[in-house]
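A.B. asks: Let me see the structure of the following:
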Amino acid sequence: MAAAQPGKIRMVAGLGNPGSEYAETRHNAGFKTVDELGRRAGVGYWKNQLGAEVAVVKVNDPEEPGCQRDVVLVKPQSFMNTSGGPISKLCKEYGVSATELLVVHDELDIPEGDVRVKVGGGHAGHNGLRSIIDKLGSRDFSRIRVGIGDPPGRMPVADFVLKQLRGKEAEAFTDTTMRAADACELALTRGVVFARDHVNGSAASNGKH
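C.D. replies: Got it, this is the predicted structure:
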């Protein structure tokens, strides 16, 4: 079944795990991207609300009163596999529908370094997405998918996504999340479909293949 047409994005939720031991890991691509969005917007304080770190930022929107739209940035603090709880509660709190939600997450099925935009869809085995779909009762939210590629050799997936990145690996990961933040900004200002058509079309030039 086709996904519902996305609305204007009013919430961006980055997926990850809380705690310094997870900060520089592939599984925290969502947190790292949303942190960058907050930095660009001048966020100085994240409040604890309904099991998440939350900040509200302004996005230019000529169709809204005052030519600006509030967007809620969210980092669930309940660990990846139960991300849906805080996100669904915050959607209710702020009156955000599934089609107005943008979720940023790591993606094994996309080459390392690629960033892609998707409207709706299943969870493809990603436990964070599985939790959101379960708690929202909808799969119609949009996604920014941060490609991390497949584990090398026989490395277990859990070890790969939770490995602390250092040196050049960390630099490359940061660069990818910066481009993920660019894709988020495009979705916020021009719409998800515009972002999908422009970001995905240039995926071949992003990162490694």
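A.B. asks: drop to CA atoms for contacts and neighbour counts, all remaining ones
C.D. replies: Will do.
A.B. asks: Now do the longest helix seen in the chain: distance to the chain's middle.
C.D. replies: The longest helix of the chain (DSSP state H) is helix 167-190. On the basis of C-alpha atoms, centre = their mean, to the nearest Å, helix 167-190 sits 10 Å off its chain's mean C-alpha point.
A.B. asks: quick thing: my sequence starts at 53, can you match it?
C.D. replies: Okay, using 53 as the starting number, the last item reads as helix 219-242.
A.B. asks: how far does the next helix-or-strand element following it sit from the chain's center?
C.D. replies: Beyond helix 219-242 in the direction of the C-terminus, DSSP states H and E gives the next helix or strand as helix 244-251. Relative to the centre of its chain, helix 244-251 is centred 15 Å away, using C-alpha atoms, centre = their mean.
A.B. asks: who does helix 244-251 touch, helix- and strand-wise?
C.D. replies: Applying 3 or more C-alpha pairs under 8 Å, 6 or more residues apart in numbering; DSSP states H and E, one finds that helix 244-251 contacts strand 167-171, helix 219-242.
A.B. asks: so which of the ones you listed gets nearest residue 68?
C.D. replies: Nearest to residue 68 among these is helix 219-242 (12.9 Å), distances taken as C-alpha to C-alpha.
A.B. asks: Tell me which residues of the closest one come out buried.
C.D. replies: 224-226, 228-241 (16 or more other C-alpha atoms under 10 Å).
A.B. asks: Also stretch 153-166?
C.D. replies: 153-160, 162-166.
A.B. asks: returning to that earlier point: any idea which of the helices and strands packed on helix 244-251 gets closest to residue 208?
C.D. replies: helix 219-242 (18.2 Å).
A.B. asks: now what about the closest one, what contacts it?
C.D. replies: Residues outside helix 219-242 that contact it (C-alpha atoms under 8 Å, 6 or more residues apart in numbering): 60-61, 76, 78, 81, 84-86, 88-89, 111-113, 165-167, 169, 196-198, 244-248, 251, 259.
A.B. asks: Need the residue closest to the centroid of the chain.
C.D. replies: With distances taken as C-alpha atoms, centre = their mean, residue 156 lies nearest the centre of the chain, 1.0 Å away.
A.B. asks: Just to be sure, that one is in a strand?
C.D. replies: Yes: according to DSSP: H, G, I helix; E, B strand; the rest coil, residue 156 belongs to a strand.
A.B. asks: Could you verify my assumption that it touches residue 68?
C.D. replies: No: here residue 156 lies out of contact with residue 68, judged by C-alpha atoms under 8 Å, at a distance of 9.3 Å.
A.B. asks: what's the overlap in contacts for these two?
C.D. replies: Joint contacts of residue 156 and residue 68 (C-alpha under 8 Å, 6+ apart) are 81-82.
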